[in-house]
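Asks: this one's sequence-less:
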């Protein structure tokens, strides 16, 4: 029987509780053990085993062999790599309707292809946790009806993206992480991504028993998704609200995106008990969405870089030289149109990186009732959708992506 090397400490990707791997719970298999004090009567009992069979499987109290793992605190199921691989948490943050979910779906679909970065292995650690992202991937990139327009759904504030459990006589709600095993240069990591609804990052929405953004306490990098078409100054440069909406942009200014970034930074400080003058221990990557719409406003034009990308490898992360060029052009664009956002980001992280991308590559259409956006899957052609994540990983784990790490 092969031996396994375990990590010294497990961080639960659901509730972020840290504990030794020897304290991990097992999930009972015997039907007579249904009912758990933390997850309720419908869940199988979680238990700390005292007996094992010859294959090192835990034996539940009624004699069934068990292999599935669970967190010591929240009792939610954990994939096996949690106890074997070091974990990297990246937080995807942004205002409501900025395009976080589309970026994540396009990025994960692209990363699976092996065409994004040479030598990168990218696998789902637990497809049941990644189900909503996989569904969005399927509707946009693997549709059996590619000419039938599909709806681009907005991330919900509740429902399937979240899990509930009970601890200390109180009910808690935690977000479902997106878990992947990534490997490159002889290193393997468990990557945890979080896609909250943008409303969760608005001031006053951090509720004690709904710690849906507490992943910020353990995150190594913050990917802040910015939608320039939500800013009035950009809207005016593009021809006005109706023109921007016709192009597939938001065309509205419902919230200041710099305030969402400040709120996220303040939560990092509170959760990590940092002083007001201490530097944030997370790297910030500004991911500028919908660059196919506003890219021609930059000098030099980012749209020219987009148009020069061959269709066969538009998902590949561009070279460090191209990333440096579009970073500079994007910084000039923000300085001219959204200066308070750029100033805020630079104050929080003087070494921030700016990466433009397009999750769809083509403008979606608004429905007749103006209640949502649709696009034909055949028309979807994302450009650099995984680049913000790879640049963030280069900052968080330079041993995996040395060519994208800050020099």
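Replies: Sure, I can see it. Note that this is a predicted model, so its numbers are computed, not measured.

Asks: tell me the secondary structure for residue 304?
Replies: The three-state label given to residue 304 by DSSP: H, G, I helix; E, B strand; the rest coil is helix.

Asks: now do the same contact list for it.
Replies: Residues in contact with residue 304 (C-beta atoms under 8 Å, 6 or more residues apart in numbering) are residue 295. All C-beta spots, glycine's among them, are computed from the backbone N, C-alpha and C.

Asks: return the distance of whichever helix or strand residue 179 is part of from the chain's centre.
Replies: With secondary structure defined by DSSP states H and E, residue 179 is part of strand 178-184. Taking C-alpha atoms, centre = their mean, to the nearest Å, one finds the center of strand 178-184 at 12 Å from the center of the full chain.

Asks: what residues does the helix or strand just after that strand touch?
Replies: As assigned by DSSP H and E, the chain's next helix or strand after strand 178-184 is strand 187-195. With contact meaning C-beta under 8 Å, 6+ apart, strand 187-195 is reached by 13, 79, 81-82, 85-92, 100-101, 104, 121, 125, 133, 155, 161, 175, 177-183, 213, 215, 389, 393, 397, 399-400.

Asks: ok so, going back, list the strands paired with the strand holding residue 179, with their directions.
Replies: Strand pairing for strand 178-184, using DSSP bridges, gives strand 121-124 (antiparallel), strand 187-195 (antiparallel).

Asks: mind checking which of the contacts of strand 187-195 are in strands?
Replies: 87-92, 121, 175, 178-183 (DSSP state E).

Asks: any chance of CSV for those residues, columns neighbour count and pLDDT?
Replies: Formatted as CSV, the ones in strands among the contacts of strand 187-195 follow (neighbours: other C-beta atoms under 10 Å; pLDDT from 0 to 100):
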residue, neighbour count, pLDDT
87, 20, 94
88, 21, 94
89, 22, 93
90, 25, 94
91, 26, 92
92, 27, 92
121, 12, 94
175, 22, 80
178, 25, 90
179, 23, 94
180, 24, 95
181, 19, 96
182, 22, 96
183, 15, 94
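
Asks: residue 275: which of those is nearest?
Replies: residue 91 (21.1 Å; C-beta to C-beta).

Asks: name the nearest residue to residue 245, ignoring sequence neighbours.
Replies: Distance criterion C-beta to C-beta, 6 or more residues apart in numbering; nearest residue to residue 245, sequence neighbours excluded, is residue 251 at 3.9 Å.

Asks: what's the neighbour count on that neighbour?
Replies: Neighbour count for residue 251, taken as other C-beta atoms under 10 Å: 21.

Asks: please apply the same query to residue 284.
Replies: Neighbours around residue 284, by other C-beta under 10 Å: 25.

Asks: host element of it?
Replies: strand 283-288.

Asks: which element follows that strand toward the C-terminus?
Replies: Assigned by DSSP H and E, the successor of strand 283-288 is helix 291-294.

Asks: grab the nearest non-local neighbour of residue 16.
Replies: Closest to residue 16 by C-beta to C-beta, 6+ apart is residue 218, at 5.2 Å.
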